[in-house]
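Student: I'll drop the sequence and a predicted model, then ask my questions.
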Amino acid sequence: DYADARDLLIRVPDDHPRSGDARFYLALSNIELGDLSEAEELLTGLKSEKYKKQIPYYITRIKVKTATKSELVSYLDPIVAEGSNYDHYQDLLRIYGEALYDLKIYHEAAENLDKYCQVSVDPKREAVYKLGYSYLKTENCESAVKSFNQLLNTEDDLLQPALFNLGHCFLILEDRSSARIAFLKASLRYDDMEIKYEALYHYGLLNKLEGSYDEALTAFGEIPEYHPRHKEAIKHIAEIIAESKQYDKAIAILNGIDEWTLELKEAYQKLNFNKGLSHLDRNESKAADESFSRSLQYPLDELTRVQALYWKADVSHTLGKYGISNQHLEEFFLRSKKVAELPKGLSLLAAYYLQGYNYLKLGDYTLAVPAFKKVLKYASDNIKEDDPFTRSLIYDATLRIGDCYLKRNSYAEALQYYDSAINEKYKGYE
């Protein structure tokens, strides 16, 4: 009974032979009863060879509760420097190292916590974690990994942050594979949701860098809107989706996001454009047309918009929608002026040719002629290299102009273009 003990010990006079013992145990009783200021005053004033090795430990226990971290460190500086001359030295090392850790003085924290772990038979897990983190902050990642690995066999609230920090250590050590595993394991735990979502973000980022886009999309997609990483995750989702070949999965992920940013809308635009091209490769014209239409719902990237307009015109022609095809071509001609350079496989030459054929199919020979003539003029003004594709368009456009004049009973003009086709002797079309 500490209260009874205090009542008895306080009666021992100063000149009693056992007064030193009385003052020491009176101080300990006060500690247990919570009278810390009185206990510290007694211990500080006690000049006893018998207890001098024990007093610093108990004063330290008091200061842990009453002093600032800086005051605690100042008190322990000379004591720890003296070495293991005091009782409970390993605890003094731990408390000192942890105080330095709390003050973010990581080099000294690591030094003293490492000493503590070396002299302790069973070091406290929290101290081992702080040692690992101090190593991480000082970029001594090999040592940090060793510390964090000691924490992986016990299910407690230190396991998740240890895994998360292991991930960062492996990143610094350029071991992406181990980093991915550590972040994944941290993300599967629910002890601390902030760590969970941070781990998810880093796991997604590593998968993106490694080209594992399915895993990256899944990870980024699980980060909630309220989390600070959400906007960055959405940006990465947009970048992956824009180039994704997993069209249906990518669209499903997009549909699961309530509010679309401009980046997501642009990703949707590019995703559907690429999906349209994949349908074209399989001769699925109707499906391609639908995908290009969805791409044009969010015309944010101008180059993608221009390409979608051209291929929608091409698909519409294939589906027999010649008037609609020409409507898309007119917008294509207008929009293409804003694009510095059209991609390979898409040109104004082919667009004029397609426009001419649309008019031809519609029986509008009057408008077909100037469209085909634009093919010839564009080729003359802009095409320097002699290639089979260009020759074929020029030859066929020349013949079609002749056909249109013939349909209009303009025989002289028809003969002129037929003669041109013969006289030019387009290579491969003799």
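Tutor: Great, that's in hand.
Student: how many neighbours does Gly300 have?
Tutor: I think there's a mix-up here, since residue 300 is Leu and not Gly. 14 (other C-beta atoms under 10 Å). C-beta: built from backbone N, CA, C; applies to glycine.
Student: surely Gly204 meets Ala216?
Tutor: Yes: using C-beta atoms under 8 Å, Gly204 makes contact with Ala216 at a distance of 4.7 Å.
Student: more crowded one of those two?
Tutor: Between Gly204 and Ala216, Gly204 has the larger neighbour count (other C-beta under 10 Å), namely 29 against 23.
Student: show the pLDDT at that one.
Tutor: For Gly204, the model assigns a pLDDT of 97.
Student: which residue is the nearest non-sequential neighbour of it?
Tutor: Once flanking residues are discounted, Gly204 sits nearest to Ala219: 3.3 Å by C-beta to C-beta, 6 or more residues apart in numbering.
Student: how about the contacts made by the one you found?
Tutor: By C-beta atoms under 8 Å, 6 or more residues apart in numbering, the residues touching Ala219 are Ser187, Leu200, Tyr201, Tyr203, Gly204, Asn207.
Student: with distance to Ala351 and secondary structure added, can I get these in JSON lines?
Tutor: Shown next, in JSON lines, are these (distance: C-beta to C-beta, whole Å; DSSP: H, G, I helix; E, B strand; the rest coil):
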{"residue": "Ser187", "distance to Ala351": "49", "secondary structure": "helix"}
{"residue": "Leu200", "distance to Ala351": "46", "secondary structure": "helix"}
{"residue": "Tyr201", "distance to Ala351": "44", "secondary structure": "helix"}
{"residue": "Tyr203", "distance to Ala351": "45", "secondary structure": "helix"}
{"residue": "Gly204", "distance to Ala351": "41", "secondary structure": "helix"}
{"residue": "Asn207", "distance to Ala351": "40", "secondary structure": "helix"}
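Student: just the residues you listed now: which is nearest Leu113?
Tutor: Distance to Leu113, by C-beta to C-beta, is smallest for Ser187 among those, at 27.6 Å.
Student: enumerate every residue touching the closest one.
Tutor: Residues counted as contacts of Ser187 (C-beta under 8 Å, 6+ apart) are Lys196, Tyr197, Ala199, Leu200, Tyr203, Ala219.
Student: between these, which is nearest Ala238?
Tutor: Ala219 (14.7 Å).
Student: and the host helix or strand of the closest one, what's buried?
Tutor: Here Ala219, judged by DSSP states H and E, is contained in helix 213-221. By 16 or more other C-beta atoms under 10 Å, the buried positions in helix 213-221 come out as Tyr213, Glu215, Ala216, Leu217, Thr218, Ala219, Phe220, Gly221.
Student: do the same with stretch 123-130
Tutor: Per 16+ other C-beta under 10 Å, stretch 123-130 contains these buried residues: Pro123, Arg125, Ala127, Val128, Tyr129, Lys130.
Student: that stretch: how far from the chain's middle?
Tutor: Its chain's C-alpha centre and that of stretch 123-130 lie 31 Å apart, by C-alpha atoms, centre = their mean, to the nearest Å.
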